[in-house]
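Engineer: got a predicted model here, sequence first, then my questions.
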Amino acid sequence: MQIRIVLRLAHFALDVDVTSEARSLGVFGPSGAGKTSLLETLAGWRTPISGVIRIGDAVFFDDAARISRPVRSRAIGYVPQDALLFPHRSVYENVVASMWHLSTHSIDGSFVRRIAAVLEIEHLLDRPCTHLSGGERQRVALARALASRPRLLLLDEPLGSLDVPLRRRILPYLIR
């Protein structure tokens, strides 16, 4: 992975230069330091003023080569801090919404149920998203991101609303 970007923010320019072969990376810093902006840039929601974003053999952005792949062609799962669930849909419908690129006949319900089991939301699959706690909403957002089978998973404080025992059970799965 190579991330070398400059992104103009309101009060400063975020300048990131990271090259790594690690499977998992964490970004830490104080509030307002640009962590969420960095994730949104990797996802394709923001465009840097210069740089390169390369994950494996895929180039998502390269200003010198005039490459800027659109969000939907990046195969990235993104879980924002506020979950962003579809309130008019059930938990199951929210999870399978990330499988938009498949026909309805290709959606693997057993795969969705396995993810739900790991995240301990199996019993919620038929529930409307408007009837979920904060921790449940966060786990549904994680399930939706995982169900898309992403090449890269971006998590913006995904475990913050979960209790410590549940966090400890879920984290090893996310790292795998």
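Structural biologist: Thanks, I have the structure now. Numbering: from 1, shown residues only.
Engineer: use CA for all of it now, contacts and neighbours both
Structural biologist: OK.
Engineer: gap between T47 and V112?
Structural biologist: Between T47 and V112 the distance is 32 Å, computed by C-alpha to C-alpha, to the nearest Å.
Engineer: secondary structure class for the residue positioned nearest the centre of the chain?
Structural biologist: Centroid-nearest residue in the chain, with C-alpha atoms, centre = their mean: Y78, separated by 1.6 Å. Per DSSP: H, G, I helix; E, B strand; the rest coil, the secondary structure class of Y78 is strand.
Engineer: surely it meets R149?
Structural biologist: No. Using C-alpha atoms under 8 Å, Y78 is not in contact with R149, being 11.3 Å away.
Engineer: please point out which parts of the host helix or strand of I170 sit buried.
Structural biologist: Element membership for I170 (DSSP states H and E) is helix 164-175. Residues of helix 164-175 classed as buried: I170 (neighbour count, 16 or more other C-alpha atoms under 10 Å).
Engineer: so what's the residue nearest to L39 when sequence neighbours are not counted bridging to?
Structural biologist: Computed as C-alpha to C-alpha, 6 or more residues apart in numbering, the closest residue to L39 that is not its neighbour in sequence is L154, at 6.5 Å. Under DSSP bridges, the beta-bridge partners of L154 are Y78.
Engineer: other SSEs contacting the lowest-mean-pLDDT helix or strand in the chain?
Structural biologist: Lowest on mean pLDDT, DSSP states H and E among the helices and strands of the chain sits helix 164-175, with a mean of 84. Helices and strands touching helix 164-175, by 3 or more C-alpha pairs under 8 Å, 6 or more residues apart in numbering; DSSP states H and E: there are none.
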